[in-house]
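*Asks:* next one to model:
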Amino acid sequence: MDPEKNQTLTPDKLAENLATFAIDRTDLKALLSAIPEDSSVNRTTIEYELQLLKILSVGWAISFFMPATDKNKDQVTQIFWNTIQEISKNISTLTQTSTGQNINYFEIIKERLNLYLAAMQKDPAETQNPAAVMGPIFAGICKAKDDAVAILTGTKMFTLTLGAVKEYIKAVRIDDIKLN
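*Replies:* Below you'll find the model as predicted:
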């Protein structure tokens, strides 16, 4: 996400750009390529779960880095999640068409959200640094609970995504469109 400094966007466009970033696989592929060849982690599971974690991380970043006083925050958040839900429907339909399996990708995203939130609420002291929670939970979801590579990969996805969204939000301005 490389915005021009002080680029002006509508709330809709900001949310759309964030949703596009959430499903972009460029950084996901870079993280996967950094996994050592001799690692015992299941790369398919890691790839699948990284995509889910990235989507969730973008959603969290909107909450963390858009000021609570920003009157566009709720709109950006709503449009972001509506866009993710629409993309999820398309993924679910494509999966059913190609494999015959009926899945609800958005429901899977919500289930992962609940897992990560439960882990953060379990140990409030650790919540001061959510990245310390995300990596181990990610690894557990990937059935690689104590695997350092899986922990680091999840932690990196979370922190890199939060950082990218934070910088993007800081670099753009939201156009205050007045409704008639």
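
*Asks:* tell me the SS of Ser39?
*Replies:* Under DSSP: H, G, I helix; E, B strand; the rest coil, Ser39 falls in the coil class.

*Asks:* grab the nearest non-local neighbour of it.
*Replies:* Leaving aside its sequence neighbours, Ser39 sits nearest to Val149 (Cβ to Cβ, 6 or more residues apart in numbering; 4.9 Å). To be clear about C-beta, it is placed using only N, CA and C from the backbone, and glycine gets the same treatment.

*Asks:* buried stuff in the helix or strand hosting the one you found?
*Replies:* Secondary structure from DSSP states H and E places Val149 in helix 148-171. Using 16 or more other Cβ atoms under 10 Å as the burial criterion, the residues of helix 148-171 that qualify are 149-158, 161-162, 164-165, 168-169.

*Asks:* distance from that helix to the middle of the chain?
*Replies:* 9 Å (Cα atoms, centre = their mean, to the nearest Å).

*Asks:* returning to what we had before: looking at the buried residues of helix 148-171, which one is closest to Ile141?
*Replies:* Gly154 (8.3 Å; Cβ to Cβ).

*Asks:* excluding chain neighbours, what is closest to the closest one?
*Replies:* Nearest to Gly154 is Phe138, by Cβ to Cβ, 6+ apart, at 2.6 Å.

*Asks:* against Lys145, how distant is the one you found?
*Replies:* Distance, Phe138 to Lys145, using Cβ to Cβ, to the nearest Å: 10 Å.
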